[in-house]
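# Dropping the sequence and predicted coords here.
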Amino acid sequence: MFRYGTIGGNHESLDPAVDYETVGGEILQNVYETLVFYNGASSSDLKPMLAAEMPWISEDGLTYNFTLRQGVMFSDNKTEMTAEDVKYSFDRGLLLNDPHGPFWMYGAYLIPDYYDYGMASFDSAGNMVMTEESITQEMCDAAIWAKGKYEVQFNLTTPYAPFLSALAFNAGSIVSKAYVEEHGGLTKAGYDHMASNTFGTGPYVLEEYKVDSYYKLVANEAYWRGVANIKTVMIEMIPDTNSRIMALKNGELDAAYVPRDQIGSVENVEGLMINKGNPTFNIDFLGLNLKINKTGLDPSLTNVPSDFFDDRNVRLAFMHAFNYGLYINETMQGMAIQPNGAIPKGMFGYSDDVPKYNYDLAKAKEYLETAETNWVEQGFKLEVFFNNGNTARETACMQIKAGLEALAPGKITVTVTGLEWSKYLDYRKDGQMPAMFLGWAPDFADPDNYLQPFYHSAGTYASMIGYSNATLDAAIEAAAVELDPEVRAQMYEDLMYDMYEEALFAWTAQATNFFVGQDYIQGYYFNPMFSNLYYYDLDKPDTLDEE
């Protein structure tokens, strides 16, 4: 048995077509599989997974033809994965078209005029209803062909440089058509079932989960690459940091999430190993909501208007009220750098020339004074949130509180509130957080996976904060389809300058990795694209693997 201790938090969904966060992502990564996947520790080298070989790609970049592995069984060891399952997996995601989900990364390049279409609706009986705003089955049939039992073709509407990388993300997981149809198919009942149940070809099966407590994975006895060495995985939610670290030190856990500010409590501890310093593509940020949904917010804690952050001067004040250096040096223990935008350092499209916002309270005060309302003179109350157990985000909230309250003591009041992960996600999705501290773990290693979600009007975070900019939309879309690397790199540098001027997000840290586990763990490696751990590659001595 392998026991991993985490801060807690439940999945948003277990449906690959819907889930777009890392708690569910870790489960999906271990129970489902994609056509292609990452080769070991590399974030750019892909290998065939459910595909028998890497695809044939047409010279114009519009056609991808995959030959599938034969004899791959779903976890019941009765149902074989075929081209019909691949097509069905993508069809159901495109037809649902959840605006807060991950399927934009396929729909935008498989469906003509994709952004003109909305999310599917269901009638009172739970059947999917087609409207003028719906993606249709005919559109899906034009985009994805099952050409035989083991051959699938994707027909793109425009070239998309990172399409293969996008297919490696959890959203591209292959589900069983027979299983989904048996449990409701393309109805509300079918989607609801898939939100809380799994049935994949991956190395593990989700045997049990208990809300706010644990996930239990067991080895898939039908797994086509051979049964996993670790037969049972327990992902245990232990919100209290001290309790989690103590359980790790006592040997009750094989590995655990340890906040960077707690490195001193695990360094030089006999029996523990630390893997750190590898650059990640994860970035932390403070997002500002231009259209605050004040429903459910306590008016005694938040009295700003819904369009508070629509004023760029207010946003600029927040950019300069956060102490980036203190956060990186103390909270992140120096294991991070300050980003200068959404594209992380080390990724294609990054430019060192783009400036960063700095901690400058005098400048922050000046911006608040020159806003449409002089907020230094009038004062305001604002509630900011973090997810319980995430001490780094709690500290970040306290730092923005300190910075803002220093601008007008007694007039500006910031309240810091912790929420359980599921409620935090609900607040985020419903636009109820005026300002949100979060992190972004990329779906695939390409700048489009940062710009589209954060700055495109139809993107996950842009839509959540009420941001829309048609000019920027067009520039983001053009950069995504440009196949000349030099031209594309310049397009992204130009976009980084545009993003700096918009001041929608304060990019607080780009972390290096920090993993703590028992020193007997075998097979661990860091890949910046993984949702935490990929358990199939891990092992531990037989004498320690007793269930």
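Ah, there it is.

# The protein - how does it break down into domains?
Per automatic domain parsing, the domain ranges recorded for the chain read 13-196, 204-278+513-544, 280-511.

# Next, format these as TSV and append mean pLDDT.
Converted to TSV, these look like this (pLDDT from 0 to 100):
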stretch	mean pLDDT
domain 13-196	96
domain 204-278+513-544	95
domain 280-511	95
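
# So for residue 6, which of the ones you listed sits nearest?
Checking these against residue 6 by CB to CB gives domain 204-278+513-544 as the closest, at 5.1 Å. Where C-beta positions appear, they are placed from N, C-alpha and C, glycine not excepted.

# Just send the domains of the chain back as CSV, with mean neighbour count and distance to residue 6 too.
Below are the domains of the chain laid out as CSV (neighbours: other CB atoms under 10 Å; distance: least, CB to CB, whole Å):
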stretch, mean neighbour count, distance to residue 6
domain 13-196, 19, 8
domain 204-278+513-544, 17, 5
domain 280-511, 19, 8
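
# Quick one: closest of those to residue 1.
Across those, closest to residue 1 is domain 204-278+513-544 (CB to CB), at 4.4 Å.

# helices and strands around the longest helix seen in the chain, which ones?
Determined from DSSP state H, the single longest helix within the chain is helix 485-502. When contacts are defined as 3 or more CB pairs under 8 Å, 6 or more residues apart in numbering; DSSP states H and E, helix 485-502 sits against helix 448-455, helix 470-481.

# and the ones you listed as JSON lines, adding distance to residue 277?
Putting these into JSON lines (distance: least, CB to CB, whole Å) gives the following:
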{"stretch": "helix 448-455", "distance to residue 277": "23"}
{"stretch": "helix 470-481", "distance to residue 277": "31"}
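
# Helix or strand: which one has residue 366?
Taking DSSP states H and E as the definition, residue 366 sits inside helix 361-369.

# same thing with residue 164?
Assigned by DSSP H and E, residue 164 falls in helix 163-167.

# Check which helices and strands the next helix or strand after that helix sits against.
The helix or strand immediately downstream of helix 163-167 is helix 177-182, counting by DSSP H and E. Packing partners of helix 177-182 (3+ CB pairs under 8 Å, 6+ apart): helix 83-96, helix 188-196.

# Just the endpoints, please. Distance across stretch 414-433?
13 Å (CA to CA, to the nearest Å).

# One more: stretch 49-64?
Stretch 49-64 end-to-end distance (CA to CA) = 15 Å.

# Need the residues that contact that stretch.
33-37, 46-48, 65-70, 72, 81, 86, 150, 153-161, 163-164, 174, 201, 483 (CB atoms under 8 Å, 6 or more residues apart in numbering).

# taking the residues you listed one by one, which sit in helices?
Those of those mapping onto helices are 86, 163, 164, per DSSP H.

# and the closest residue in space to residue 382 that isn't next to it in sequence, helix, strand or coil?
Excluding the flanking residues, the one nearest residue 382 by CB to CB, 6 or more residues apart in numbering is residue 414, at 5.2 Å. Counting by DSSP: H, G, I helix; E, B strand; the rest coil, the backbone at residue 414 sits in strand.

# Pull up the gap between residue 414 and residue 321, please.
Distance, residue 414 to residue 321, using CB to CB, to the nearest Å: 10 Å.

# which residues do those two both contact?
400, 404.

# And the contacts of the helix or strand hosting residue 427?
Taking DSSP H and E as the definition, one finds residue 427 inside helix 421-429. The contact list for helix 421-429, computed with CB under 8 Å, 6+ apart, reads 8-10, 12, 21, 23, 100, 385-388, 419, 432-433, 436, 438, 464.

# Which strand residues bridge residue 214?
On the basis of DSSP bridges, residue 214 is bridged to residue 210, residue 236.

# which ones are touching it?
Counting by CB under 8 Å, 6+ apart, residue 214 touches 208, 234, 235, 236, 237.

# how about a cut-off of 10 Å?
Contacts were defined as CB atoms under 10 Å, 6 or more residues apart in numbering; by that measure residue 214 touches 3, 4, 6, 8, 208, 234, 235, 236, 237, 238.

# What distance do you get for it to residue 7?
13 Å.

# before we move on, the earlier item: export the helix holding residue 427 to CSV, keeping only CA atoms.
The C-alpha coordinates for helix 421-429 follow below in CSV (Å, rounded to 0.1, in the frame of the first residue of the first chain):
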residue,chain,number,x,y,z
TRP,A,421,-12.1,23.3,-1.4
SER,A,422,-15.4,22.4,-2.9
LYS,A,423,-17.0,25.6,-1.7
TYR,A,424,-14.0,27.5,-2.9
LEU,A,425,-14.5,26.1,-6.4
ASP,A,426,-18.2,27.0,-6.2
TYR,A,427,-17.4,30.6,-5.2
ARG,A,428,-14.8,30.8,-8.0
LYS,A,429,-17.2,29.4,-10.7
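
# next SSE after it?
Going down the chain from helix 421-429, the next helix or strand is strand 435-440, by DSSP H and E.

# and that next one with helix 448-455, angle?
170 degrees (axes from the mean of the first three to the mean of the last three CA atoms, to 10 degrees).

# where do the strands sit along the stretch 251-400 of the chain?
For the stretch 251-400 of the chain, the strands defined by DSSP state E, counting those that start in this stretch cover 255-256, 272-288, 336-337, 380-387.

# Specify the stretch among the ones you listed that is closest to residue 515.
Once these are compared by CB to CB, strand 272-288 is nearest, at 4.4 Å.

# Need the phi and psi values for residue 258.
With angles defined as degrees, to the nearest 10, residue 258 sits at phi -120, psi 120.

# Name the nearest residue to it, ignoring sequence neighbours.
Excluding the flanking residues, the one nearest residue 258 by CB to CB, 6+ apart is residue 516, at 4.6 Å.

# wait, doesn't residue 239 sit right on residue 388?
Yes - between residue 239 and residue 388 there is a contact under CB atoms under 10 Å: 5.9 Å.
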